[in-house]
Structure formats: structure tokens, C-alpha cells
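Peer 1: no sequence on this one, just coordinates:
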């Protein structure tokens with residue numbers, strides 16, 4: 001084999017849990033991801049294993065996602081969600097009985113929802129156990145992330161806040177997977193000088209940066225982005241290959257924009273008569289995506305033709321074969337100038353495969369099947385590459401992130417700058433109280449301080465700043481940010497004015513992330 005391909009999927013969702021409501025729209029982000037992304041991915045990995053196809057995959061499983069996937073309340077709500085979708089799809093089978101093409105799709109969606117339910121029942125509603133199975137087999141490498149996906153460069157004024165994000169993440173990983181993580185996906189790929197020293201202290205062996213993090217490093221990277229580099233602390237950094245990434249994630253130039261693939265935006269939740277669809281949308285009447293979509297991309301206009309599943313699957317085969325050919329061509333060019341096997345790093349948001357690009361899981365399945373026949377390139381994980389090449393160039397990495405413009409702009413701008421002055425204040429307060437009460441044996445005080453730590457961590461999530469910038473869920477994101485700040489300050493007042501146990505218990509049930517947390521991590 002002359003070169004390697006390193007696929008990285010970043011699996012993350014913000015922590016959303018609302019026990020005060022039977023139905024809450026934003027909880028569906030999780031339910032859709034399980035149904036459309038995580039289950040299909042595990043399904044096709046199982047198929048590859050059964051077929052004896054070699055595959056390697058690196059995926060982050062962020063602490064908030066792990067916590068939600070094993071939250072009993074959310075799992076019970078997911079069961080209700082699946083039953084509602086099965087009911088709706090069966091209703092659609094009856095409604096479309098006189099239209100062969102639509103009826104065929106309605107049957108497909110019913111079977112798909114039933115498969116999801118059967119799959120989850122088969123793993124006792126614990127999909128993390130399936131991920132762990134493939135991890136223990138050596139097929140996939142699971143990495144961690146910041147505890148709540150906090151934007152670490154904006155916490156660097158308070159090193160203890162950064163350390164807490166890493167330490168809590170490492171401990172949470174051990175809780176879910178039994179061992180410590182060797183790699184980390186830096187939240188938003190955001191790096192600042194000195195961060196690697198903290199990672200090294202917690203046993204992290206490698207992380208990822210965007211292309212320009214390495215290209216603009218010092219000295220000039222000998223192999224560009226096609227080999228990892230070492231930082232002074234010994235932690236390795238892998239950089240994104242822009243070409244292979246863009247080929248997939250770009251909706252305009254990449255595969256997902258193909259006219260035969262399913263159109264994401266045409267959904268019966270918006271298309272059908274209100275009274276008909278009303279039992280399956282928000283109780284307040286707000287229309288939502290149901291996941292039942294009958295149209296294909298077709299073109300750039302609003303006119304959409306019906307989705308033909310067979311044509312889309314054929315395209316996924318063609319595109320997978322094309323992707324492998326392009327990586328082979330790329331590799332043959334690279335090996336002329338390198339004295340080692342190049343590694344092409346292709347990172348993506350995991351939710352692209354199945355949610356935004358419905359045929360994405362099939363594409364990955366076909367890709368690994370094609371690559372297994374290649375004599376030029378093979379899939380690999382970061383630790384496998386570092387074991388083969390344990391000597392790498394020493395480089396000072398350039399501060400960077402991914403996202404628009406690549407230098408933090410998405411997470412700090414006129415729309416969301418108000419967040420950070422509050423985070424600064426409550427971060428400093430958390431350190432002060434952790435030091436003041438680090439020796440306390442008062443269990444009630446410990447409960448308050450642990451919940452203050454949870455509220456701080458949840459307020460630090462980069463998701464809220466991101467959603468405000470993209471205007472995709474601005475109201476909800478702003479409300480969540482203010483809510484966690486308010487909760488923190490109200491809990492703080494209890495330390496001096498007496499504990500409101502009803503309010504404390506309510507927060508512990510709602511924002512119940514990190515049951516293992518110890519506020520002394522900030523001391």
C-alpha cells in the first residue's frame with residue numbers, strides 16, 4: 001500500500017433536555033440524528049464486517065451526545081417519537097395507495113422507521129454499546145471533545161476553565177467507554193498556542209486542525225497537510241485535506257447536490273394539509289420536518305420531481321467509486337515528493353451522512369468496498385499511522401478554527417459578542433467558589449456547587465454562539481445562553497442566602513449532564 005486515507009466524523013449535538021414538556025422541538029435534533037445518521041452508520045459498518053471488508057473510521061462522540069444517548073428520559077421520548085413516525089408512515093401508505101411512486105416511498109419510510117426501532121431494541125436502546133463494539137474490535141477509533149463543546153481559545157484567559165473542559169471530557173469518556181481517549185476533536189477545530197500542553201497532561205495523543213493551522217505553522221511543514229506534525233509537548237496534530245473534504249461537504253460542488261439525491265427541504269410536515277399532519281407536528285401548530293420526504297434535488301429551482309430511491313443508490317455507488325479514484329490520483333501525485341506514505345485526512349460533521357445527505361451512509365459503505373480493492377490507498381486511524389511513523393516534524397501550529405474565514409469569526413461577532421463577558425464573570429466566580437469550598441463536607445453545598453459547574457459548562461457550549469450567527473435557531477440559542485447564566489447566578493445566591501431545594505432539584509433533573517462531576521475540578 002502506498003498511501004492512507006483517514007476519515008473523521010465529528011459526532012456532536014448540543015445538550016437538549018426538557019423534562020418539563022412531553023414534546024419539545026429541539027429534542028428532535030437528537031431523535032433525527034439517531035434515526036438518520038447513527039443507526040444507518042452502525043448498520044453499514046456491520047454489513048462491512050460481515051462481508052469481510054476492511055474499513056477504518058475515526059469518530060468523535062462528544063460528552064453531551066454520549067450523555068443524551070444514555071439518558072433514560074430522552075430514550076423514552078425517542079421511543080414515542082419512533083412510534084409516532086411509524087404511525088404517520090402507515091397513514092401515508094393508505095393516503096398514497098393510488099399513486100405507485102409515492103406509495104413505494106411511503107412503504108420505504110415505514111420500513112426504515114421499523115428497522116430503527118428493531119435495531120434499538122436489539123441493542124437494548126443503547127447505541128453507544130454498538131459504537132463500543134466496533135471500537136473494541138479495532139475497526140473504529142472513538143475520540144472525545146471538549147466537555148460541552150466550549151470554544152477553548154475564548155477561555156484561554158482562564159486556564160482552569162480550559163482544563164475543566166478537558167478533564168471532565170476525559171472522565172466522561174472513561175465512564176462511557178471504560179478507558180481514556182487517545183485523541184480529541186477540538187471544539188470547532190479551534191486551536192490556540194499552548195493548548196497542546198494541557199492535552200498532553202490528560203493523556204491526549206493527537207488532535208485535528210483545519211488546513212491553515214498546519215500550512216501557516218512554523219517552520220514550513222515539510223509534507224504539507226499529508227503527514228501529522230508534533231507539537232513541543234509531543235501531541236500530534238493532523239490537518240484537514242481541503243480537496244477531499246470539499247468533494248463531499250459542498251452542497252454546490254460536492255456529491256450531495258446531485259439532482260438524483262433526496263431533497264432535504266421538501267417534507268410532508270410542510271407540504272401536506274394542516275389538519276392531516278397536525279397530530280405529528282408541534283402541539284402549538286408549528287410545522288416541522290417529519291423525515292418523510294418524497295422529492296429529489298432535481299435542480300436549483302423550487303420545482304422538484306419525485307425521489308427515485310434506486311437512482312439515488314446507484315449515484316452513491318458512482319460517487320463512491322469516483323471518490324476513491326480521486327484519492328488514488330491524489331496519492332500518486334503526493335508519493336513522488338514524500339519519503340513516507342501520505343495520509344489524506346477527510347473530516348466531516350457526522351450528521352452530514354444521513355441527515356443532510358440522506359444517501360451518505362450508503363456512500364460510505366460503497367466507498368469502503370471500493371477502497372478495499374485498491375492497491376494504492378487504504379483506510380487508517382490516527383493511532384495506526386502514528387505507530388507506523390512515530391517520528392514526525394516538530395511544528396508550531398498556527399491559531400485557527402474551521403468555519404467561515406477560519407479564524408474564530410463565526411463564534412465572535414456583533415451578533416453574539418454579548419455572551420463572552422458573562423462567561424468571563426461566571427468562570428471566575430466558579431474558580432473562587434471552588435477554592436473557597438474545596439474542603440467542605442456539607443453535601444447540600446456540594447450539590448449546589450456541582451450544579452453551578454454544570455450550568456457554567458452548558459453556558460460555555462459553542463453551539464449557542466454558532467446558532468446565533470447562522471440564524472438557524474437564534475431565539476432558542478439566546479434563551480439557552482441566558483438561562484444557564486441565570487441559573488448559575490441564582491445558585492450562587494443560595495450559597496449566601498439559603499438553598500431553594502425545589503429549584504435545585506428541578507435544575508438537577510433538567511440539566512443533569514455529568515452525574516459524575518465534582519466541582520473541585522475548578523479548584
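Peer 2: Nice, thanks for sending it over. The structure presented is a predicted model; accordingly, all values stated were derived computationally and were not measured.
Peer 1: quick one: low-confidence parts of this structure?
Peer 2: Judged by pLDDT under 70, the chain has its weakly predicted residues at 251.
Peer 1: Longest helix of it, counting residues only.
Peer 2: What stands out as the longest helix in the chain, according to DSSP state H, is helix 309-334.
Peer 1: chain center to that one: distance?
Peer 2: 24 Å (CA atoms, centre = their mean, to the nearest Å).
Peer 1: So which other helices or strands are in contact with that helix?
Peer 2: strand 3-11, helix 100-122, helix 242-249, strand 343-349, helix 360-371, strand 377-379 (3 or more CB pairs under 8 Å, 6 or more residues apart in numbering; DSSP states H and E). C-beta coordinates here come from the backbone N, C-alpha and C atoms, glycine included.
Peer 1: just the angle between it and helix 360-371, please?
Peer 2: 50 degrees (axes from the mean of the first three to the mean of the last three CA atoms, to 10 degrees).
Peer 1: quick one: buried residues of helix 309-334?
Peer 2: Going by neighbour count (16 or more other CB atoms under 10 Å), the buried part of helix 309-334 is 312, 315-317, 319-321, 323-324, 327-328, 330-331, 334.
Peer 1: Residue ranges of each domain in the protein, please.
Peer 2: As given by automatic domain parsing, the domain ranges for the chain are 3-70+126-255+307-405, 412-522.
Peer 1: and the last one, how far apart are its ends?
Peer 2: Distance between the boundary residues of domain 412-522 (CA to CA, to the nearest Å) amounts to 25 Å.
Peer 1: and if you look at the longest one?
Peer 2: Looking at domain 3-70+126-255+307-405, the gap from its leading to its trailing residue is 30 Å under the measure CA to CA.
Peer 1: which residues in the stretch 51-200 of the chain form helices?
Peer 2: Here the stretch 51-200 of the chain has its helices, by DSSP state H, counting those that start in this stretch, at 63-69, 72-95, 100-122, 127-136, 159-177, 195-201.
Peer 1: picking up where we left off before, what's the closest of the helices and strands packed on helix 309-334 to residue 68?
Peer 2: strand 3-11 (11.3 Å; CB to CB).
Peer 1: Spit out the contact partners of residue 45.
Peer 2: Contact analysis of residue 45 by CB atoms under 8 Å, 6 or more residues apart in numbering lists 55, 57, 134, 139-140.
Peer 1: can I get these in CSV with distance to residue 266?
Peer 2: Listed next are these as CSV, based on distance: CB to CB, whole Å:
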residue, distance to residue 266
55, 33
57, 31
134, 34
139, 35
140, 33
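Peer 1: Name the helix or strand for the closest residue to residue 522 other than its chain neighbours, please.
Peer 2: In space, residue 522 comes closest to residue 434 once its chain neighbours are excluded; the distance is 3.7 Å by CB to CB, 6 or more residues apart in numbering. In this structure, residue 434 sits in helix 418-437 according to DSSP states H and E.
Peer 1: starting at the chain centroid, how far to that helix?
Peer 2: 27 Å.
Peer 1: Could you do stretch 340-357 as well?
Peer 2: Using CA atoms, centre = their mean, the offset of stretch 340-357 from its chain centre is 12 Å.
Peer 1: Contacts only, for residue 154.
Peer 2: 408, 411-412, 420, 423.
Peer 1: out of the residues you listed, who's nearest residue 18?
Peer 2: The nearest one, if we look at those relative to residue 18 and count by CB to CB, is residue 423, at 22.8 Å.
Peer 1: So what's the residue count around that closest one?
Peer 2: 23 (other CB atoms under 10 Å).
Peer 1: Format the helices of the stretch 51-200 of the chain as JSON lines; extra columns: distance to residue 17 and mean neighbour count.
Peer 2: Formatted as JSON lines, the helices of the stretch 51-200 of the chain follow (distance: least, CB to CB, whole Å; neighbours: other CB atoms under 10 Å):
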{"stretch": "helix 63-69", "distance to residue 17": "7", "mean neighbour count": "24"}
{"stretch": "helix 72-95", "distance to residue 17": "6", "mean neighbour count": "17"}
{"stretch": "helix 100-122", "distance to residue 17": "18", "mean neighbour count": "17"}
{"stretch": "helix 127-136", "distance to residue 17": "17", "mean neighbour count": "18"}
{"stretch": "helix 159-177", "distance to residue 17": "16", "mean neighbour count": "21"}
{"stretch": "helix 195-201", "distance to residue 17": "29", "mean neighbour count": "19"}
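Peer 1: Just the residues contacting the helix or strand where residue 469 lies, thanks.
Peer 2: Residue 469 belongs to helix 462-470 when assigned by DSSP H and E. Residues from elsewhere that reach helix 462-470, judged by CB under 8 Å, 6+ apart: 14, 149-151, 187-188, 190, 403, 410-413, 415-416, 419, 473-474, 476-478, 480-481.
Peer 1: between that helix and helix 418-437, how big is the angle?
Peer 2: With the same axes, to 10 degrees defining the directions, helix 462-470 sits at 170 degrees from helix 418-437.
Peer 1: So for helix 462-470, what gets flagged as buried?
Peer 2: 462-469.
Peer 1: between these, which is closest to residue 296?
Peer 2: Among these, and counting by CB to CB, the member closest to residue 296 is residue 467, at 28.4 Å.
Peer 1: For residue 446, which residues are in contact?
Peer 2: Residues in contact with residue 446 (CB under 8 Å, 6+ apart) are 437, 440, 519.
Peer 1: SS state for it?
Peer 2: Of the three states, residue 446 takes helix according to DSSP: H, G, I helix; E, B strand; the rest coil.
Peer 1: Now for residue 13, how many residues are close by?
Peer 2: 21.
Peer 1: if we can go back for a sec, please pick the buried ones from the contacts of helix 462-470.
Peer 2: Buried among these (16+ other CB under 10 Å): 14, 149-151, 187-188, 190, 403, 410-412, 416, 419, 473, 476-478, 480-481.
Peer 1: For residue 466, see how far away residue 414 is.
Peer 2: 15 Å (CB to CB, to the nearest Å).
Peer 1: Same question for residue 390.
Peer 2: Taking CB to CB, one finds residue 390 at 36 Å from residue 466.
Peer 1: can you pull the buried residues of stretch 227-239?
Peer 2: Going by 16+ other CB under 10 Å, stretch 227-239 has these buried residues: 227-231, 235-239.
Peer 1: Need the distance between the two termini of it.
Peer 2: 8 Å.
Peer 1: What of stretch 208-222?
Peer 2: 18 Å.
Peer 1: Any idea what residue 59 is bridged to?
Peer 2: residue 9, residue 142 (DSSP bridges).
Peer 1: isn't residue 347 right up against residue 11?
Peer 2: No. Using CB atoms under 8 Å, residue 347 is not in contact with residue 11, being 11.5 Å away.
Peer 1: what's the distance between stretch 219-239 and the middle of its chain?
Peer 2: 24 Å.
Peer 1: same question, stretch 368-384
Peer 2: Distance, centroid of stretch 368-384 to centroid of chain: 23 Å (CA atoms, centre = their mean).
Peer 1: and that stretch, which residues are buried?
Peer 2: 368-372, 374, 376-384.
Peer 1: what's that stretch in contact with?
Peer 2: 1-7, 48, 51, 53-58, 140-141, 182-183, 205-206, 228, 236, 238, 320-321, 323-324, 327-328, 331-332, 343-344.
Peer 1: 7 Å instead, please
Peer 2: Contacts with stretch 368-384, where a contact means CB atoms under 7 Å, 6 or more residues apart in numbering, come from 1-7, 48, 53-56, 58, 141, 182-183, 205-206, 238, 320-321, 324, 327-328, 331-332, 343.
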